[in-house]
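*Asks:* I'll drop the sequence and a predicted model, then ask my questions.
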Amino acid sequence: MKPPKVILIGIGVLALAIITGMLWRSASENPGSTPASRQSTAATSHSPGDPNTPPASKKLDQSTSSQSPVSVPPPPSKPRGPIEHTTAGKKPYDTGIKNDPRVSHTNDGKHVFNESIAIARQLHAPNTEPEEDVSRLNDIVTFYRTLLKQNPEAGDNQSIVAALTGENEKNIVVFPPDHPALNGNGQLLDRWQTPYFFHALSGNEMEIFSAGPDQIMGTNDDIAFTDRDHSDFLQGLTEEPDPGFDE
């Protein structure tokens with residue numbers, strides 16, 4: 001004889017209730033396995049750059065990135081005008097005069113280049129050799145040539161000194177007009193009170209000679225700043241070389 005359907009349905013409902021109770025107990029003992037806990041774990045594993053990062057994390061990143069930027073100094077300004085390397089100092093020399101701290105200005109509109117004047121003040125200094133004198137004069141002429149792009153136009157001592165002391169188109173002074181080696185005629189004298197001899201080979205080359213202790217130009221004791229052989233200079237200076245000079 002078969003059991004009634006009511007009894008079978010009751011047994012099924014009871015079994016379902018028992019299974020549901022077992023599942024609920026298991027879930028309460030292991031909260032990490034619930035969907036809510038899994039969602040919480042996933043939220044804490046976001047990287048800082050993740051767009052789903054919680055607002056608190058994003059605020060922290062913003063405060064970190066709002067620090068003051070490092071101050072970088074501006075690049076140095078470029079010098080004005082063309083730059084050339086002078087014999088005196090062997091360093092770049094800016095030909096712009098305005099606001100140049102190395103240049104002094106006189107009331108009559110002259111521009112005095114202090115570095116060249118300092119070299120001129122050492123001319124004929126004690127404990128120096130005569131060869132240093134013609135070398136310093138070459139440095140001074142080089143300053144003039146650097147700034148005016150040519151040698152002084154006239155070739156005689158007096159005219160060249162006038163150009164070096166400011167009688168030029170730019171009113172540039174590279175030699176002091178009150179130097180003790182200048183005589184009353186405006187000539188530049190060597191240690192033995194003889195005028196220096198200036199000989200321009202070209203617009204950018206200048207030979208400079210002192211007559212030496214014997215005060216006679218064209219003899220063996222002459223002191224020269226030149227790239228030429230001494231005998232070549234003598235051939236150009238006089239029709240006949242000095243007989244006492246060995247070629």
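*Replies:* Looks like it came in fine.
*Asks:* tell me the strands in this protein, going along the chain?
*Replies:* 83-85, 92-94, 103-105, 111-113, 172-173, 197-202, 205-210, 223-225 (DSSP state E).
*Asks:* what lines up beside the third one in the sheet?
*Replies:* Strand partners for strand 103-105, identified by DSSP bridges, are recorded as strand 111-113 (antiparallel).
*Asks:* again with the last one
*Replies:* In the sheet containing strand 223-225, the strands it pairs with under DSSP bridges are strand 205-210 (antiparallel).
*Asks:* Direction-wise, compare the strand it pairs with with strand 197-202 and give the angle.
*Replies:* Here strand 205-210 runs at an angle of 170 degrees relative to strand 197-202 (axes from the mean of the first three to the mean of the last three CA atoms, to 10 degrees).
*Asks:* Other residues contacting strand 205-210?
*Replies:* 130, 133-134, 137-138, 141, 145, 151, 190-192, 194, 196-201, 217, 222-226, 228, 233 (CB atoms under 8 Å, 6 or more residues apart in numbering). Using the backbone N, CA and C atoms, a C-beta is placed for each residue, glycine as well.
*Asks:* Produce a ChimeraX select command limited to the buried residues of those residues.
*Replies:* Command for ChimeraX, covering only those of the contacts of strand 205-210 found buried under the criterion 16 or more other CB atoms under 10 Å:
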select :130,133,134,137,138,141,145,151,190,194,196,197,198,199,200,217,222,223,224,225,226,233
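*Asks:* dump the residue contacts of the nearest residue to residue 120 once chain neighbours are set aside.
*Replies:* Excluding the flanking residues, the one nearest residue 120 by CB to CB, 6 or more residues apart in numbering is residue 175, at 5.0 Å. Contact partners of residue 175, counting by CB under 8 Å, 6+ apart, are 116, 117, 120, 140, 161, 164, 165, 188.
*Asks:* right, and the third one touches residue 136 too?
*Replies:* Yes. Residue 120 is in contact with residue 136 according to CB atoms under 8 Å; the separation is 7.2 Å.
*Asks:* What's the end-to-end length of stretch 207-224?
*Replies:* End-to-end span of stretch 207-224 (CA to CA, to the nearest Å): 7 Å.
*Asks:* Average pLDDT for it, rounded please.
*Replies:* Mean pLDDT, computed over stretch 207-224, is 94.
*Asks:* Report the buried residues of it.
*Replies:* For stretch 207-224, burial by neighbour count (16+ other CB under 10 Å) applies to 207, 208, 209, 210, 211, 212, 217, 218, 222, 223, 224.
*Asks:* Got the confidence number for the residue lying closest to residue 166 once chain neighbours are set aside?
*Replies:* Excluding its sequence neighbours, the residue lying closest to residue 166 (CB to CB, 6+ apart) is residue 173, at 4.2 Å. Per-residue confidence at residue 173 stands at 95 (pLDDT).
*Asks:* and if you look at the one 4 residues further on?
*Replies:* Model confidence at residue 177, expressed as pLDDT, equals 96.
*Asks:* isn't it right next to residue 165, touching?
*Replies:* Yes. Residue 177 lies in contact with residue 165 (CB under 8 Å); the separation is 4.2 Å.
*Asks:* With neighbour numbers in mind, choose between these two.
*Replies:* Taking neighbours as other CB atoms under 10 Å, residue 177 and residue 165 compare with residue 165 leading, 22 against 15.
*Asks:* tell me the phi and psi of that one?
*Replies:* phi -90, psi 10 (degrees, to the nearest 10).
*Asks:* which ones are touching it?
*Replies:* Residue 165 neighbours (CB under 8 Å, 6+ apart): 173, 175, 176, 177.
*Asks:* do you know how far the last one is from residue 198?
*Replies:* Distance of residue 177 to residue 198, given as CB to CB, to the nearest Å: 17 Å.
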